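> Next come a sequence and a model predicted from it.
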Amino acid sequence: MSQLMIQNLSFTYDGDHTPVFEDLNLQLDTGWKLGMVGRNGRGKTTLLRLLEGSLEGRGYISLPMEARRYPRPVEDPTRSVRAVLEDAAPQSQEWELIRELFRLGLGEEVLDRPFSTLSGGEQTRALMAAMFLEEGVWPMLDEPTNHLDGPGRKLAADYLRSQRRGFLLVSHDRAFLDSCVDHILALNRTETELMRGNFSTWFQEKEARDRGEAARNEKLKGEIKRLEQAARRTSSWSDKVEQTKYGSKNSGLRPDRGFIGHKSAKMMKRAKGIEARQESAIREKSGLLKNVERTDSLKLTPLLHHSPRLAEGKDLSISYGGRTICRDISFTVEQGDRVCLEGINGSGKSSLLRLILGEEIPHGGTLRLASGLRLSYVSQKADHLAGNPLDWADEQEVDLTQFLTVLRKLDFSRALFERNMEEYSAGQKKKILLAASLCRSAHLYVWDEPLNYIDLFSRMQIEELILSYRPTLLFVEHDRIFREKIATKTVEL
């Protein structure tokens, strides 16, 4: 096993005043199956790019082998899968590629297909197959689950867990991380944290530490208040005693200035002791809660509809280019339901959602929507976002104050509101779409993979929001933990 050393690494993007990293120091073993977590914008992808050399920062990085980030863009997706994978792993034999593809649920026949004809999940798995055949590199996987359906995620997790080689995995999928990593690197608010174990182990320890720090913080707040009151009393007593040195005679006797001065000095010493204890408590308090992720509660104002049934499909089928991609789909969405559409990539989930939204999509069967139904939509992709976020929100007729409030609660810094959305991370773009949807009052919320690229703390915020406000929701999501917590019904495509 070999060591990756990072010493005093600092990096700031051009035109930005806030450093992504400042004097970062890490020592990692490249044999670990290392999961990296952190809120959107904390620098996970930036760190991968620094390690692979596509970005250059100040400091020192020592890596005993080349770091390679996956999935990588394919320059010419019209070429065959075989050609693309041979370029990715030039030293591999075809039988090795076939073996790895099989382990990831892909048959030998995909080798002769144009790469562009594979679904997003199939492309990710094909590139993953080549990744571990490439010799002399350290694989770094950047959120590979975003294009994988449920079965695809299980195949990928099993595949990664079986590897003898180490890797670095960035993911926000809690179940996926638990399935395949043995160490966690957390990019916290003010520092990095490295520990052995999977995501659940790390998160339980983090919660216990946060609770302990919160209890200590409350205790110190009370102690500081008592010390402040004691310091004021002692200082007041000292001043009064000092003044009696020069007071009037008492019963014809002069004041004993030596005794009074001694008494005053003792009180001053006591006051200074109290002040020192107070300063010590303040210093200790300031060191607490620095890495607690503040997840303020979000709000939602779903509308009630006069009809108990908002949507109904009977024997629906959807076609593209003369090919039927799904058929015999029947479902109902009653008011208060949270309906999850399940199915493999390409089974028609997104198409069904867009049909419900009113798009002209070739279909058969019957779809009925309640009259006057107001919908709020989150699309699967957010790469179309550009320009100033406030101008965009204004065009979407979203209340700006509410929009900004939701984004701040989703850990958006104020500096981001001045930047072009093209410069945002994928997770920050998705939060823009989510915030706009949450600002709209609707009878039915239609969300297509809303958690793609969204950090795990924001996922928990959204789970809490849905369980608190209980909107009627029709959604597609491959995060198993989210589905299990949220869905009241499932429709299999």
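Happy to help now that I have it. Numbers count the residues shown, from 1 in each chain.

> tell me the contacts of Glu422?
Glu422 makes contact with Leu385, Ala386, Gly387, according to CB atoms under 8 Å, 6 or more residues apart in numbering. For every residue, glycine as well, the C-beta is placed using N, CA and C.

> Run a quick neighbour tally on Gly321.
Residue neighbour count, defined by other CB atoms under 10 Å, stands at 6 for Gly321.

> Strands of the stretch 101-250 of the chain, start to end?
Assigned by DSSP state E, counting those that start in this stretch, the stretch 101-250 of the chain shows strands spanning 137-142, 167-170, 183-187, 192-196.

> Select only the buried ones of the contacts of Glu422 in ChimeraX?
Listed next is the ChimeraX selection for buried residues among those, using 16 or more other CB atoms under 10 Å:
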select :385
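
> Now, the contacts of Glu422 that are in strands?
The strands, defined by DSSP state E, take in nothing from the contacts of Glu422.

> Could I get the contacts of Glu422 in TSV, plus columns for pLDDT?
Below are the contacts of Glu422 laid out as TSV (pLDDT from 0 to 100):
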residue	pLDDT
Leu385	91
Ala386	92
Gly387	92
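
> so which of the strands of the stretch 101-250 of the chain gets nearest Thr324?
Taking CB to CB, strand 137-142 is the member of those nearest to Thr324, at 34.5 Å.

> from the strands of the stretch 101-250 of the chain, which stretch is densest packed?
strand 167-170 (a mean of 24; mean count of other CB atoms under 10 Å).

> which residues sit against that one?
So strand 167-170 is in contact with 28, 33-37, 44-45, 48, 67, 138-144, 160, 177, 180-181, 185, going by CB under 8 Å, 6+ apart.

> shaky segments in the stretch 1-150 of the chain?
For the stretch 1-150 of the chain, applying pLDDT under 70 flags the ranges 1.

> so where do the helices sit in it?
Along the stretch 1-150 of the chain, counting by DSSP state H, counting those that start in this stretch, helices occupy 44-52, 81-88, 94-103, 120-131, 150-161.

> Same list (the contacts of Glu422) but as TSV, adding distance to Ile318.
TSV is the format used below for the contacts of Glu422 (distance: CB to CB, whole Å):
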residue	distance to Ile318
Leu385	27
Ala386	30
Gly387	33
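
> Sort out which one of the contacts of Glu422 lies nearest Arg419 for me.
For the contacts of Glu422, the nearest to Arg419 is Gly387 (10.2 Å; CB to CB).

> Quick check: phi and psi at that closest one.
Dihedral pair for Gly387: phi 90, psi -170, per degrees, to the nearest 10.

> Report the contact partners of it.
With CB under 8 Å, 6+ apart, Gly387 has these contacts: Asn420, Met421, Glu422.

> if we take those residues, which one ends up nearest to Glu207?
If you rank those by distance to Glu207 using CB to CB, Met421 comes first, at 33.0 Å.

> Let me know whether that closest one touches Ala393 as I believe.
No: assessed by CB atoms under 8 Å, Met421 is found out of contact with Ala393, at 10.7 Å.

> sorry, back to before: in TSV: the strands of the stretch 101-250 of the chain, plus distance to Gln93.
As requested, these are exported to TSV (distance: least, CB to CB, whole Å):
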stretch	distance to Gln93
strand 137-142	18
strand 167-170	22
strand 183-187	32
strand 192-196	36
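
> can you tell which of those is closest to Leu55?
Short answer: strand 137-142, nearest of these by CB to CB, at 13.3 Å.

> neighbouring strands for the closest one, and are they parallel or not?
When pairs are called by DSSP bridges, strand 137-142 turns out to pair with strand 66-70 (parallel), strand 167-170 (parallel).

> Can you lay out these as TSV showing distance to Gly346?
Formatted as TSV, those follow (distance: least, CB to CB, whole Å):
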stretch	distance to Gly346
strand 66-70	22
strand 167-170	25
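
> Give me the neighbour count for Arg165.
Neighbour count for Arg165, taken as other CB under 10 Å: 13.

> Tell me which residues touch it, please.
Counted by CB under 8 Å, 6+ apart, Arg165 has contacts Gly31, Phe132, Pro139.

> how far away is it from Gly136?
11 Å (CB to CB, to the nearest Å).

> Over to Asn198?
Distance of Asn198 to Gly136, computed by CB to CB: 28 Å.

> ok, now Ala276?
For Ala276, the distance to Gly136 - CB to CB - is 58 Å.

> try Met36
22 Å.

> and if you look at Glu464?
To Gly136, Glu464 is 45 Å away according to CB to CB.

> Which one of these two is surrounded by more residues?
For Glu464 and Gly136, the more surrounded residue by other CB under 10 Å is Glu464, and the numbers stand at 14 against 9.

> need the next SSE after the helix or strand that one falls within, C-terminal direction.
Per DSSP states H and E: Glu464 is located in helix 456-469. Using DSSP H and E, the helix or strand that directly follows helix 456-469 along the chain is strand 473-476.

> who touches that following strand?
311, 333, 337-341, 349-350, 353, 356, 380, 444-450, 466, 486.

> Beyond it, next helix or strand please.
Following strand 473-476 toward the C-terminus (DSSP H and E): helix 480-486.

> which other residues reach that following helix?
Contacts with helix 480-486, where a contact means CB under 8 Å, 6+ apart, come from 150, 153, 173-175, 338, 340, 342, 451, 459, 463, 466-467, 473, 475, 477, 490.

> Quick one: mean pLDDT for it?
Here helix 480-486 scores 91 as its mean pLDDT.

> what about Gln91, how many residues close to it?
Quick note: Gln91 (other CB under 10 Å) scores 10 neighbours.

> scratch that, Thr12
By other CB under 10 Å, neighbour count at Thr12 equals 14.

> So it versus Ser425, what's the distance?
For Thr12 relative to Ser425 (CB to CB), the value is 15 Å.

> same question, Leu177
Taking CB to CB, one finds Leu177 at 19 Å from Ser425.

> Show me which of those two is the more surrounded one.
Using other CB under 10 Å as the criterion, Leu177 and Ser425 rank with Leu177 on top: 25 against 18.

> can you pull out the helices in the stretch 201-350 of the chain?
257-286, 349-356.

> And those helices, which one averages the lowest pLDDT?
Ranked by mean pLDDT, the helices of the stretch 201-350 of the chain bottom out at helix 257-286, with a mean of 62.

> Low-confidence ranges, the stretch 251-400 of the chain, go.
For the stretch 251-400 of the chain, the ranges with pLDDT under 70 are 251-275, 277-295.

> That one: strands as residue ranges?
309-320, 323-334, 338-342, 363-369, 375-378.

> Out of those, flag the one nearest Leu101.
So among these, strand 323-334 is nearest, using CB to CB, at 23.2 Å.

> who touches the closest one?
Strand 323-334 has contacts (CB under 8 Å, 6+ apart) with 308-319, 339, 343, 346-348, 351-352, 364-365, 444, 472, 474, 489, 491, 493.

> number of nearby residues for the closest residue to Pro471 other than its chain neighbours?
Distances taken as CB to CB, 6 or more residues apart in numbering place Pro302 nearest to Pro471, at 3.9 Å, with adjacent residues excluded. If you count neighbours by other CB under 10 Å, Pro302 ends up with 20.
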